[in-house]
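*Asks:* the following block contains a protein sequence and its predicted model.
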Amino acid sequence: MRLDHLKILNAARAERRAIALVSDLTDGTDRLFTERDTVEGALGEALRAAFLSGKSAAVDADGRSLFINVHVPPPRIVVIGAVHISQSLAVMATLAGFDLTIIDPRTAFATPERFADVNLIAEWPSDALKDCPLDAFTALVAVTHDPKIDDMPLSEALKTGCFYVGALGSRKTHAKRLERLGAEGFSQGQLARISAPIGLDIGAATPAEIAVAILAEIIQSLRRRALDRSTAA
């Protein structure tokens, strides 16, 4: 591997950016691509599939045998609110291969006894997110029902381009939430990214069922996310 390519790959991994090294198995040459690159034809389709699945693969494109070695950051879930839904979601998310962090300043809820073996941060989101910043490979789940706790991380999730942004609450509660966030300057398009009521509509009723609906929607959002190909990196 070329030294300059290795440096770029290491930088992308450190910054939690997706990148792919495409090697030509015929002549041994390599090329680097990111999710933002516009690539046409069979190679473009293969790159899209690799970025969305996170799986490397061999592909024949333009009469050449290529191997796509894709590096996608491990997806994370940051949950705002140490509630019953979060307890179920923590177990399910781990089984599905997600790193999960729960943030809640309410120490009566955010206790090790209720969240054993979970990365639990009993701080205000504005403080916790300084050490646990959101990014494009993070799903933000806000479930406290308290605007003083939920609004800041929701705002940050929209600014940083989290692949999923969801918030618990009725349509009336969400309408008020949109008014508050709209007053901060977010456009209708940005606000439309918030999934509320949260989770896929499967008729979930219990906290565990709601957690299933949330995790399913997170997985759907990750695997079907739009890849920005308008600007080459």
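*Replies:* Looks like it arrived, so ask away. Bear in mind that the values here come from a model prediction, so they are computed numbers and not experimental data.
*Asks:* switch to C-alpha atoms for all contacts and neighbour counts from now on
*Replies:* Will do.
*Asks:* which parts of stretch 125-142 are buried?
*Replies:* Under the neighbour-count criterion of 16 or more other Cα atoms under 10 Å, stretch 125-142 has Pro125, Ala128, Leu129, Leu134, Asp135, Ala136, Phe137, Thr138, Ala139, Leu140, Val141, Ala142 buried.
*Asks:* okay, and which of those map to helices?
*Replies:* Among the buried residues of stretch 125-142, the members falling in helices (DSSP state H) are Pro125, Ala128, Leu129.
*Asks:* which among these gets closest to Thr206?
*Replies:* Pro125 (26.1 Å; Cα to Cα).
*Asks:* OK, contacts around that closest one?
*Replies:* Ile80, Ile103, Asp104, Pro105, Ile149, Met152, Pro153 (Cα atoms under 8 Å, 6 or more residues apart in numbering).
*Asks:* got a winner among those residues for most neighbours?
*Replies:* The most crowded member of those, judged by other Cα atoms under 10 Å, is Ile80 (27 neighbours).
*Asks:* so who does that one touch?
*Replies:* Contacts of Ile80 (Cα under 8 Å, 6+ apart): Ile102, Ile103, Asp104, Pro125, Leu140, Val141, Ala142, Val143, Thr144, Ile149, Asp150, Pro153.
*Asks:* for the residue of the chain most remote from its centre, give me phi and psi.
*Replies:* In the chain, the greatest distance from the average C-alpha position (Cα atoms, centre = their mean) is reached by Asp27, at 36.5 Å. Main-chain dihedrals, Asp27, degrees, to the nearest 10: phi -110, psi 0.
*Asks:* again with Glu45
*Replies:* Taking degrees, to the nearest 10 as the convention, Glu45 sits at phi -70, psi -40.
*Asks:* quickly note the distance from it to Trp124.
*Replies:* 42 Å (Cα to Cα, to the nearest Å).
*Asks:* more neighbours: these two, which one.
*Replies:* The residue with more neighbours, out of Glu45 and Trp124, is Trp124; 18 against 14, by other Cα under 10 Å.
*Asks:* over to the nearest residue to that one once chain neighbours are set aside. Which of the three states is it?
*Replies:* In space, and not counting its chain neighbours, Trp124 is closest to Pro105: 4.8 Å by Cα to Cα, 6 or more residues apart in numbering. Secondary structure, DSSP: H, G, I helix; E, B strand; the rest coil: Pro105 is coil.
*Asks:* just to check, Pro105 is in contact with Ala122?
*Replies:* Yes: contact status for Pro105 versus Ala122: in contact at 4.7 Å, counting by Cα atoms under 8 Å.
*Asks:* still on that earlier bit, just give me the closest of the ones in helices among the buried residues of stretch 125-142 to Gly166.
*Replies:* Pro125 (15.6 Å).
*Asks:* quick check: longest strand of the chain.
*Replies:* strand 64-71 (DSSP state E).
*Asks:* direction included, what does that one pair against?
*Replies:* strand 19-24 (antiparallel), strand 57-61 (antiparallel) (DSSP bridges).
*Asks:* just put those in TSV and tack on mean neighbour count and mean pLDDT.
*Replies:* Putting the strands paired with strand 64-71 into TSV (neighbours: other Cα atoms under 10 Å; pLDDT from 0 to 100) gives the following:
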stretch	mean neighbour count	mean pLDDT
strand 19-24	21	96
strand 57-61	15	92
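*Asks:* just the strands in this protein please.
*Replies:* Going by DSSP E, the chain shows strands at 19-24, 30-34, 57-61, 64-71, 76-80, 99-103, 119-121, 138-142, 164-167, 194-195.
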